[in-house]
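Visitor: Fold the stuff below for me.
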Amino acid sequence: MSAHTLENSEGDRDGIRPFRPSDLKQVQLLVGAGVMEQLAATNKLAYSNPTTILVWLALSFTFIHFMNWWPQPDIWVSFFSPAFAFFLMAVPIMVAFEWQHRQYFEPLLRITLGLRDLNAIPEFYSLSPSSSFFVYSHRSAIIGCIAIDAARPGEELESILGSELNNTEIEDKKALEESKGTSNSVVASKSLKKRGANTTTKKDTTLTSPLVPTTQARIRHFHVDLLYKNATTSADLLEHALQHTFTESKQVEEIFAIDSPTKQLLGAVLKKEGFKESWTGPKGAKGGKKFGTFGLEEKWVSLERDSWERKQEVVKS
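Guide: Numbering: from 1, shown residues only. I've put the predicted structure just below:
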């Protein structure tokens with residue numbers, strides 16, 4: 001039994017274990033929540049940006065002057081007027097940031113949930129003995145997951161979902177809503193036939209194309225439920241996955257991950273484990289993306305086997 005695994009009252013095991021097909025729905029919900037958490041984090045970083053604060057103050061004072069809402073010594077209620085003006089000017093700024101950033105994260109949510117690996121987890125993460133997909137189970141709920149790809153770390157995986165709803169998907173949703181007395185399976189069958197007639201499906205070669213030998217690996221997914229991010233869940237998951245990758249095969253020499261300013265808690269866990277900023281990612285992988293109003297940038301970080309082994313020796317001694 002793993003050091004991170006305990007028996008719960010229902011006879012199942014609380015702690016870290018390999019992914020099971022029955023976990024798929026909970027994992028997808030966790031990954032989706034992780035994407036949308038970045039929307040809130042991006043908004044907060046935009047609110048606290050010095051440029052935003054200067055614009056907000058300038059608009060507020062201009063509005064106060066235009067409305068003549070300066071405090072009057074003989075009217076005590078007037079002292080609250082400037083505060084109301086600051087609030088009024090903050091609302092449109094916050095709404096503008098939310099609208100702009102949502103245009104990036106909502107398509108990203110669909111693309112992420114449609115990634116080839118997330119729709120064939122057991123098959124994809126068994127392509128290499130050093131690959132793994134672990135979940136953290138707590139009271140029968142999945143509160144964390146981590147996936148390390150040691151088979152195709154440099155490939156940018158395709159998504160079976162587009163960034164927006166296409167006409168066929170919209171029609172499918174309408175058909176399901178209108179089919180009150182019809183079996184959903186019948187409606188789904190009709191929609192699939194229609195979709196097959198109107199679209200051409202690109203053959204997926206993710207699992208069948210030849211593997212190129214590599215000494216690198218990549219953390220493709222690392223998500224922890226918001227309620228447990230400050231606990232040891234994140235560190236335990238990361239340590240467990242790293243140990244599996246480095247000990248299952250001597251082939252992997254370096255593990256890469258993407259560090260984002262919108263994932264500060266997970267970034268701190270990576271840094272504590274020994275990950276350092278890297279100029280490049282796995283061979284063939286694209287660089288970190290820029291997003292948000294003020295160009296927040298994702299960065300590659302990596303951990304070499306030598307560094308990990310030295311840390312293990314220190315821990316044991």
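
Visitor: use CA for all of it now, contacts and neighbours both
Guide: Will do.

Visitor: What's opposite I219 in the beta bridge?
Guide: On the basis of DSSP bridges, I219 is bridged to I148.

Visitor: That one: neighbouring residues, count only.
Guide: By the measure other C-alpha atoms under 10 Å, the count of residues near I219 is 22.

Visitor: do the same with the one 5 residues further on
Guide: Applying other C-alpha under 10 Å, we find 25 residues neighbouring V224.

Visitor: same check, this time on M67
Guide: For M67, the count of nearby residues is 11 (other C-alpha under 10 Å).

Visitor: With S126 instead?
Guide: For S126, the neighbour count with other C-alpha under 10 Å is 16.

Visitor: Could you measure from it over to L30?
Guide: Using C-alpha to C-alpha, to the nearest Å, S126 is found at 22 Å from L30.

Visitor: just E304 next, same as before
Guide: Shown here: E304 relative to L30, a distance of 28 Å by C-alpha to C-alpha.

Visitor: Of the two, give the one with the bigger neighbour count.
Guide: For E304 and L30, the more surrounded residue by other C-alpha under 10 Å is L30, and the numbers stand at 20 against 17.

Visitor: I'd like to check which residues are in contact with that one.
Guide: I142, I143, G144, H223, V224, D225 (C-alpha atoms under 8 Å, 6 or more residues apart in numbering).

Visitor: Next, find the distance separating the fourth one from A235.
Guide: Think H223. 11 Å.

Visitor: residue ranges of the strands in the stretch 1-150 of the chain, please?
Guide: Here the stretch 1-150 of the chain has its strands, by DSSP state E, counting those that start in this stretch, at 5-7, 13-18, 132-138, 141-149.

Visitor: Show me how far the third one is from its chain's centre.
Guide: This means strand 132-138. The chain centre lies 16 Å from the centre of strand 132-138; the measure is C-alpha atoms, centre = their mean, to the nearest Å.

Visitor: Check which helices and strands the helix or strand where L303 lies is in contact with.
Guide: Per DSSP states H and E, L303 falls inside strand 299-304. Here strand 299-304 touches strand 254-259, strand 276-277, going by 3 or more C-alpha pairs under 8 Å, 6 or more residues apart in numbering; DSSP states H and E.

Visitor: so how many other residues sit close to E313?
Guide: 9.

Visitor: repeat for the one 3 residues further on
Guide: Residues contacting K316 under the criterion other C-alpha under 10 Å number 6.

Visitor: Over to S60?
Guide: S60 has 21 nearby residues by other C-alpha under 10 Å.

Visitor: for W76, same thing?
Guide: W76: 9 surrounding residues under other C-alpha under 10 Å.

Visitor: What's the separation between it and L265?
Guide: For W76, the distance to L265 equals 45 Å [C-alpha to C-alpha].

Visitor: in the protein, which helix or strand is least confident?
Guide: helix 184-198 (a mean of 42; mean pLDDT, DSSP states H and E).

Visitor: Sketch out the low-pLDDT regions of the protein for me.
Guide: The chain contains residues with pLDDT under 70 at 1-13, 75, 77-78, 162-210.

Visitor: So which elements touch the top helix by length along the chain?
Guide: Across the chain, the longest stretch assigned as helix under DSSP state H is helix 81-113. Secondary-structure packing of helix 81-113 (3+ C-alpha pairs under 8 Å, 6+ apart): helix 24-47, helix 50-67.

Visitor: so which of the ones you listed is the most packed in?
Guide: Highest mean neighbour count among these (mean count of other C-alpha atoms under 10 Å): helix 24-47, with a mean of 18.

Visitor: roughly how far out does it sit from the chain middle?
Guide: Worked out by C-alpha atoms, centre = their mean, helix 24-47 lies 6 Å from the chain centre.
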